[in-house]
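[1] Pasting a predicted model and its sequence here:
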Amino acid sequence: MKVIAIDLGATSGRVMTVTHENNTFSYVENARFLNKVYDDNGTLRWDFEYLMENILSGIEKALKENPDIASIGIDTWGVDYGFIKDGQLVADPICYRDTRTFRVQSDLLKRIPFEDIYKRVGIQNLHFNTIYQLAAENIDFATIDTFLMIPDLIAYRLTGKARLEETNASTTSLYSQKEGKMDSVLLKMINVPERIFPEMIHPGEEYGKLKKEYLPEGIHKDIPVIAVCTHDTGSAVLGANGKGKFAYISSGTWSLIGTELNKPIINQESLTANFTNEIGYHSTIRFLKNTMGMFLCNQVRDDYEKNGVHFSVKDIATLVNEAEDIDTFLAVDDPIFETPSDMLSKVAAYCERTNQAFPSTPGQMLKVIYKSMALTYKKIIAKLEVLADERIRSILVVGGGNQATILNQYTASACGIDVITGPSEATVLGNSLAQLLALGDIASVEEGREDLTRSIESKIYRPQELDYWDRQYQTYLLRCMS
């Protein structure tokens with residue numbers, strides 16, 4: 001059986017045809033395109049029409065090449081949204097990296113303590129959470145018909161049906177897992193009317209049928225648009241099949257580090273550690289923490305390119321291995337690193353502020369970043385073990401970032417356990433798995449995950465130089481946690 005998986009990340013998007021046949025998965029790329037923000041008089045926005053043009057082009061190509069495609073699924077990043085009025089998008093969605101939420105977050109938490117928010121929704125405190133974005137809106141909500149998250153906006157354009165998918169809604173810090181709807185108390189606190197939130201949809205349910213106008217000539221059939229885990233991390237985790245008790249790292253623009261649970265952990269300790277309880281397939285819990293991902297590396301590399309220093313992704317391992325080791329560490333989640341552009345200058349400012357040496361070569365710079373990321377992973381996984389009361393035996397790295405071999409090795413050595421690479425296309429495969437489960441082509445999540453494991457090659461990274469990495473960790477804690 002064949003399905004279309006639409007997968008949008010914060011830096012790129014793709015439309016893929018995924019085939020499940022003889023207990024194996026395969027996929028073909030129909031479209032790949034950059035995703036980037038633009039500056040609208042000081043506000044960072046996503047170009048939604050550009051995204052739709054590329055998505056529709058990919059769908060058309062996929063259907064022309066595979067008229068037997070059975071369904072379409074959509075996943076994207078979380079927290080961002082758009083407003084519908086009279087059937088049309090009011091304005092391009094504002095990007096979560098826009099700085100408007102910092103002040104609003106501080107102001108709102110003076111009125112309602114974060115502890116009260118966390119008890120209601122169990123989501124970690126991040127300035128770009130939808131609750132703060134909505135509180136920052138300069139809009140008359142009386143003029144708005146409907147609120148939709150990014151994947152729901154795409155589904156609305158494809159089907160004409162407005163629904164709000166649960167896994168992405170759970171990233172908003174406004175979704176009550178107990179009630180299965182947006183939290184009325186929190187909405188009242190930010191003066192947002194409940195009426196603008198449409199009916200909830202869950203993975204495996206159908207948004208509607210693809211509009212006939214989007215079907216290529218000669219195709220005359222109903223193609224359902226099926227709700228998958230529309231938050232990309234939810235799809236990535238569905239597509240992950242670790243062995244024993246493992247932690248996953250969904251590695252992309254962000255790194256999301258966690259484990260899969262049957263029920264949320266919402267207590268004072270998880271609040272203090274700022275862990276989140278996002279919803280996964282069939283209401284499982286993705287108990288995790290966000291940290292900086294490949295965004296920092298990619299921004300630094302872009303800056304070097306602009307300065308005339310060129311190196312390919314294939315060159316990175318050699319550059320890092322040959323670079324002199326320096327005891328500089330970055331608190332990669334420092335707000336200074338969140339916004340795009342001029343990242344080398346931001347690293348320099350951070351090093352000056354923390355009295356550390358500035359990395360003098362591209363290899364040194366990337367070594368410092370990768371080491372800092374790996375040590376951050378160690379800190380998060382150590383806390384995860386305490387909160388979940390489990391001993392993590394291995395780490396499964398999925399997503400495009402698992403191609404960073406140096407980071408994988410650093411992570412294994414820093415954490416002192418094996419790192420196993422799962423599918424780099426875990427999000428696409430998890431997206432398609434949810435569709436195939438809904439269509440009855442696969443009987444269970446366990447069966448689907450086994451088929452996924454059978455379909456991809458994996459690599460194991462063993463810990464090395466444990467004494468060195470223990471010393472590095474102690475120095476990192478002194479430099480970055482004070």
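    Thanks, I have it.
[2] and E53, how many neighbours?
    Using other C-beta atoms under 10 Å, the number of residues around E53 comes to 13. Placement of C-beta: from N, CA and C, glycine included.
[3] so when I look at it, I'm seeing a helix, right?
    Yes. Residue state for E53 (DSSP: H, G, I helix; E, B strand; the rest coil) corresponds to a helix.
[4] ok, V237 touching G430?
    Yes. Taking C-beta atoms under 8 Å as the definition, V237 is a contact partner of G430 at 6.9 Å.
[5] Please identify which of the two sits among more neighbours.
    A count of neighbours by other C-beta under 10 Å puts G430 above the other of V237 and G430, at 35 against 28.
[6] any idea how far I117 is from the more buried one?
    In this view, G430 and I117 are 29 Å apart by C-beta to C-beta, to the nearest Å.
[7] Now do stretch 390-401: distance to the chain's middle.
    Computed by C-alpha atoms, centre = their mean, to the nearest Å, the chain-centroid distance of stretch 390-401 equals 15 Å.
[8] Identify the residues contacting it?
    Residues lying outside stretch 390-401 but in contact with it, judged by C-beta atoms under 8 Å, 6 or more residues apart in numbering, are 236-237, 239-252, 255, 259, 293-294, 377, 381, 384-385, 407-408, 411-412, 415, 417-424, 426-427.
[9] Now do the SS call for the nearest residue to L436 once chain neighbours are set aside.
    Nearest non-adjacent residue to L436, counting by C-beta to C-beta, 6 or more residues apart in numbering: I442, 4.5 Å away. When classified by three-state DSSP, I442 comes out as coil.
[10] what's the answer for T259, then?
    Here T259 is strand, with the state taken from three-state DSSP.
[11] got a pLDDT number for it?
    T259 carries a pLDDT value of 93.
[12] In contact with it, which residues?
    K245, F246, A247, Y248, F287, L288, L384, A388, E390, I392.
[13] pLDDT score for the last one?
    I take that to be I392. Looking at I392, its pLDDT is 94.
[14] thinking again about what came up before, which among the contacts of stretch 390-401 end up buried?
    236-237, 239-242, 246-252, 255, 259, 293-294, 377, 381, 384, 407-408, 411-412, 415, 417-424, 426-427 (16 or more other C-beta atoms under 10 Å).
[15] close enough to count as contact, L256 and M292?
    No. L256 is beyond contact range of M292, at 10.9 Å (criterion: C-beta under 8 Å).
[16] ok, these two, which is more surrounded?
    Legend: neighbour count by other C-beta under 10 Å for L256 and M292, higher for L256 (26 against 21).
[17] who touches stretch 30-37?
    4, 8-17, 44-47, 51, 54-55, 57-59, 61-62, 65, 95, 97, 340.
[18] In strands, which of those fall?
    I4, L8, S12, G13, R14, V15, M16, T17, L44, R45, W46 (DSSP state E).
[19] Which one of the residues you listed is nearest to E179?
    E179 lies nearest to L8 out of these, by C-beta to C-beta, at 28.7 Å.
[20] residues in contact with the closest one?
    N35, L51, I74, D75, T76, W77, I150, P151, I154, D232.
[21] Pull the contacting residues for the residue nearest to V3 when sequence neighbours are not counted.
    Computed as C-beta to C-beta, 6+ apart, the closest residue to V3 that is not its neighbour in sequence is Q435, at 4.5 Å. Residues in contact with Q435 (C-beta under 8 Å, 6+ apart) are V3, A5, A70, S71, I72, G73, I226, V228.
[22] Find me the pLDDT at the third one, would you?
    If you check A70, the pLDDT there is 98.
[23] isn't it right up against A438?
    No. A70 sits out of contact with A438 when judged by C-beta under 8 Å, with a separation of 9.8 Å.
[24] Pick out whichever of these two has more residues nearby.
    Taking neighbours as other C-beta under 10 Å, A70 and A438 compare with A438 leading, 21 against 18.
[25] could you pull out the strands for the stretch 301-450 of the chain?
    For the stretch 301-450 of the chain, strands defined by DSSP state E, counting those that start in this stretch occupy the ranges 394-398, 418-421.
[26] Then the stretch 1-150 of the chain?
    In the stretch 1-150 of the chain, strands defined by DSSP E, counting those that start in this stretch lie at 2-8, 12-21, 24-34, 37-40, 43-46, 72-75, 81-85, 88-89, 146-149, listed in chain order.
[27] Would you mind measuring from the residue nearest to C480 when sequence neighbours are not counted to P151?
    Nearest residue to C480, sequence neighbours excluded (C-beta to C-beta, 6+ apart): A331, at 4.0 Å. Using C-beta to C-beta, A331 is found at 32 Å from P151.
[28] and these two? which has more neighbours close in?
    More crowded of A331 and P151, by other C-beta under 10 Å: P151, with 28 against 18.
[29] wait, what's in contact with the more buried one?
    Contacts of P151 (C-beta under 8 Å, 6+ apart): L8, I74, D75, T76, E165, N168, T230, H231.
[30] Which members of those are classed as buried?
    When the contacts of P151 are checked for burial by 16+ other C-beta under 10 Å, the buried set is L8, I74, D75, T76, E165, N168, T230, H231.
[31] Need those residues in a markdown table (columns: pLDDT and distance to W469).
    Shown next, in a markdown table, are the buried ones among the contacts of P151 (pLDDT from 0 to 100; distance: C-beta to C-beta, whole Å):
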| residue | pLDDT | distance to W469 |
| --- | --- | --- |
| L8 | 96 | 36 |
| I74 | 98 | 40 |
| D75 | 98 | 34 |
| T76 | 97 | 35 |
| E165 | 98 | 40 |
| N168 | 97 | 36 |
| T230 | 98 | 37 |
| H231 | 96 | 32 |
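[32] of those residues, closest to F311?
    For those, the nearest to F311 is L8 (27.7 Å; C-beta to C-beta).
[33] The stretch 351-482 of the chain: helices as residue ranges?
    Listed in chain order, the helices of the stretch 351-482 of the chain (DSSP state H, counting those that start in this stretch) span 362-388, 405-415, 426-439, 445-455, 466-480.
[34] Taking their axis directions, the last one and helix 405-415 sit at what angle?
    Relative orientation of helix 466-480 with respect to helix 405-415: 90 degrees, computed using axes from the mean of the first three to the mean of the last three C-alpha atoms, to 10 degrees.
[35] Kindly format the C-alpha coordinates of helix 466-480 as CSV.
    The C-alpha trace of helix 466-480 is given here as CSV (Å, rounded to 0.1, in the frame of the first residue of the first chain):
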residue,chain,number,x,y,z
LEU,A,466,35.0,7.7,29.9
ASP,A,467,37.4,9.4,32.3
TYR,A,468,37.9,12.3,29.8
TRP,A,469,34.2,12.8,29.3
ASP,A,470,33.6,12.7,33.1
ARG,A,471,36.1,15.5,33.5
GLN,A,472,34.5,17.4,30.6
TYR,A,473,31.1,17.1,32.2
GLN,A,474,32.2,18.4,35.6
THR,A,475,33.8,21.5,33.8
TYR,A,476,30.7,21.9,31.7
LEU,A,477,28.5,22.0,34.8
LEU,A,478,30.7,24.6,36.4
ARG,A,479,30.8,26.8,33.3
CYS,A,480,27.2,26.5,32.1
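[36] Quick one: list the elements packing against that helix.
    Packing partners of helix 466-480 (3 or more C-beta pairs under 8 Å, 6 or more residues apart in numbering; DSSP states H and E): helix 362-388, helix 405-415.
[37] Could you do the first one as well?
    Of the remaining helices and strands, those touching helix 362-388 by 3+ C-beta pairs under 8 Å, 6+ apart are strand 246-251, strand 254-261, helix 268-273, strand 285-292, helix 295-306, helix 316-322, helix 405-415, helix 466-480.
[38] Alright, I will stop here.
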